[in-house]
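A.B. asks: okay, here's the prediction I keep looking at, along with the sequence it came from:
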Amino acid sequence: MVGITNKIMLAEIRRQQQLSQSIVDGQTAVSTGITLNKPSDDSLAWVQVSDIARAQSQQAAWQTNISYGTARAVTAEANLSEVDTLLTRAQVLVTSARNGSLNDTSRAAIVEEMSTIRATITQLFNQKDYQGTPVFDAGQSTLVPVSRGLNLAVVGTIEQVSQGIDVNGTPMSIDDIMAQGIAAVQSGDDDALAIALDTVKAGQSHIVVEQAKQGVRSDRLDVIGTRLTDVGLDLTERRASLESSNLTEVISNLKAQLLQLEAAQSTFARINQKTLFDLIG
């Protein structure tokens, strides 16, 4: 009889422990709004939430890549814009140099400014960020994964933006163009200056086209980034619907469980106070 009584008491203790844990889970659900905390809560929903969590993790990685690509694209656009401005200034200087009344001092000043423009453009094309990543890729654009099966070139190559410019059938680089302009100013020859002016204009036209290409890259990043954000919101909403609590039902169950536990503990306390003779009498 004592063995039976002990077994009954142990079973009752375990039942109350389970009820207490269920109450704790209910209180957590009320405070967090989440009821799905383990597979046994709802196995099907748990599998779906796990799948969504993996998708959210992948989405986050793609969003990080979008941010990285956008940062590079913005810098590339800014540098190309500055190069465009500098080439506009170079045209003004070459045109000024065609003034036959320029003295040697004025010509030297123009040469100095043209040389500074040339050096600045070279720096803009070869600039690197704080991690040592160049603004423009060398040889081949780095492809950045931004979605399943989709990798984007977020910036052009140094060769595309600064070299291979067709000037009357002759491929030239921006540096070649600036060097030709400086030499023409130094010579003071009007024919050479006229050719240099046309060459600088060709270089600027090339940069304008590269700006347009970079704009297309940036737009694609924006579009895909917006799409990823929309998908991310859908995933978050779907996950919340699977994990979230029906507070009315949870609170009702919680109140019932609290009453059950209180009654069980009260009864258990009274029984535990009885002597063995009371139990078998």
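C.D. replies: Alright, I've got the coordinates.

A.B. asks: count of neighbours near residue 108?
C.D. replies: 13 (other CB atoms under 10 Å). Quick note: C-beta positions are derived from backbone N, CA and C, even for glycine.

A.B. asks: which phi and psi does the nearest residue to residue 206 once chain neighbours are set aside have?
C.D. replies: Closest residue to residue 206 apart from its sequence neighbours, by CB to CB, 6 or more residues apart in numbering: residue 165 at 4.6 Å. Torsion angles at residue 165 (phi, psi; degrees, to the nearest 10) stand at phi -80, psi 120.

A.B. asks: can I assume residue 165 is in contact with residue 175?
C.D. replies: No: using CB atoms under 8 Å, residue 165 is not in contact with residue 175, being 10.5 Å away.

A.B. asks: give me the mean pLDDT for stretch 85-97.
C.D. replies: For stretch 85-97, mean pLDDT rounds to 96.

A.B. asks: please put the alpha-carbon coordinates of it into CSV.
C.D. replies: Provided in CSV are the C-alpha atoms of stretch 85-97 (Å, rounded to 0.1, in the frame of the first residue of the first chain):
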residue,chain,number,x,y,z
THR,A,85,33.4,67.8,-64.7
LEU,A,86,37.2,67.7,-65.0
LEU,A,87,37.1,67.0,-68.7
THR,A,88,34.7,69.9,-69.2
ARG,A,89,37.2,72.1,-67.5
ALA,A,90,39.9,70.7,-69.7
GLN,A,91,38.0,71.7,-72.8
VAL,A,92,37.7,75.3,-71.4
LEU,A,93,41.5,75.4,-70.8
VAL,A,94,42.3,74.1,-74.3
THR,A,95,40.0,76.6,-75.8
SER,A,96,41.6,79.4,-73.8
ALA,A,97,45.0,78.2,-74.9
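
A.B. asks: continuing past the strand or helix carrying residue 180, what's the next helix or strand?
C.D. replies: Under the criterion of DSSP states H and E, residue 180 resides in helix 174-187. Beyond helix 174-187 in the direction of the C-terminus, DSSP H and E gives the next helix or strand as helix 190-243.

A.B. asks: how far out from the middle of the chain is that next one?
C.D. replies: Its chain's C-alpha centre and that of helix 190-243 lie 15 Å apart, by CA atoms, centre = their mean, to the nearest Å.

A.B. asks: next one: stretch 171-182
C.D. replies: Centre-to-centre, stretch 171-182 and its host chain are 38 Å apart (CA atoms, centre = their mean).

A.B. asks: stretch 189-208 now?
C.D. replies: 40 Å.

A.B. asks: just the buried positions in that stretch, please.
C.D. replies: 192-193, 195-197, 199-204, 206-207 (16 or more other CB atoms under 10 Å).

A.B. asks: quick one on the thing from earlier: and the residue nearest to residue 206, how many residues sit next to it?
C.D. replies: Using other CB under 10 Å, residue 165 has 21 neighbouring residues.

A.B. asks: wait, residue 166 touches residue 205, no?
C.D. replies: No: at 10.0 Å, residue 166 does not count as touching residue 205 under the criterion of CB under 8 Å.

A.B. asks: returning to what we had before: of the buried residues of stretch 189-208, which is the nearest to residue 46?
C.D. replies: residue 207 (56.0 Å; CB to CB).

A.B. asks: list the residues that contact that closest one.
C.D. replies: Going by CB atoms under 8 Å, 6 or more residues apart in numbering, residue 207 touches 80, 83, 84, 87, 161, 174.

A.B. asks: go with 10 Å
C.D. replies: For residue 207, the contact set (CB atoms under 10 Å, 6 or more residues apart in numbering) comprises 80-88, 121, 161-162, 165, 174.

A.B. asks: inside strands: which ones of those?
C.D. replies: In strands, judged by DSSP state E, the following of the contacts of residue 207 are found: residue 165.

A.B. asks: show me how to select, in PyMOL, the buried members of the contacts of residue 207.
C.D. replies: With 16+ other CB under 10 Å as the burial test, the buried ones among the contacts of residue 207 are selected in PyMOL as follows:
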select buried, resi 80+83+84+86+87+121+161+162+165+174
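
A.B. asks: which residues in the protein form helices?
C.D. replies: 2-32, 43-97, 104-126, 158-162, 174-187, 190-243, 247-273, 276-280 (DSSP state H).

A.B. asks: output these as a markdown table; include the columns distance to residue 134.
C.D. replies: Converted to a markdown table, the helices of the chain look like this (distance: least, CB to CB, whole Å):
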| stretch | distance to residue 134 |
| --- | --- |
| helix 2-32 | 47 |
| helix 43-97 | 9 |
| helix 104-126 | 7 |
| helix 158-162 | 7 |
| helix 174-187 | 16 |
| helix 190-243 | 15 |
| helix 247-273 | 55 |
| helix 276-280 | 86 |
